[in-house]
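Asker: Provided below for reference: sequence and predicted model.
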Amino acid sequence: MSRDLTQREFDRACARRGFVPTFLGYYELPDTGRVHVCSFNAGSRRRDRLAYLIRQHERLAAAHVPES
């Protein structure tokens, strides 16, 4: 069994990456045009939830074309 993140570690990691908690497990991702993603889609482990948010951010940021 691998070690999971504490809530405090999870919150700090999200803040470092610019993920802003909005409501009920949803986070606003930076550089994506105000997209909100639910971290609970990845399950109950915080480590998995953080990895999911990172993957979604990378995918959405690459696809997002800034408005001119």
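Answerer: Received the coordinates, thanks.

Asker: quick one: the helices in this protein, in order.
Answerer: Along the chain, the segments classed as helices by DSSP state H run 7-17, 46-63.

Asker: ok, of these, where does mean pLDDT dip lowest?
Answerer: Mean pLDDT is lowest for helix 46-63 among these, at a mean of 93.

Asker: how about it: buried residues?
Answerer: R46, R47, R49, L50, Y52, L53, Q56, H57 (16 or more other Cβ atoms under 10 Å). For the C-beta atoms, the positions are set from N, CA and C on the backbone; glycine is no exception.

Asker: and L24, how many neighbours?
Answerer: 8 (other Cβ atoms under 10 Å).

Asker: thinking again about what came up before, can I get the buried residues of helix 46-63 in JSON lines with distance to L5?
Answerer: Putting the buried residues of helix 46-63 into JSON lines (distance: Cβ to Cβ, whole Å) gives the following:
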{"residue": "R46", "distance to L5": "4"}
{"residue": "R47", "distance to L5": "5"}
{"residue": "R49", "distance to L5": "9"}
{"residue": "L50", "distance to L5": "7"}
{"residue": "Y52", "distance to L5": "13"}
{"residue": "L53", "distance to L5": "12"}
{"residue": "Q56", "distance to L5": "17"}
{"residue": "H57", "distance to L5": "17"}
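
Asker: closest to Y26 out of the residues you listed?
Answerer: For those, the minimum distance to Y26 (Cβ to Cβ) is 10.2 Å, reached by L53.

Asker: mind listing what that closest one touches?
Answerer: By Cβ atoms under 8 Å, 6 or more residues apart in numbering, the contact list for L53 reads C14, R17, F19, Y27, L29, V37, S39, A42.
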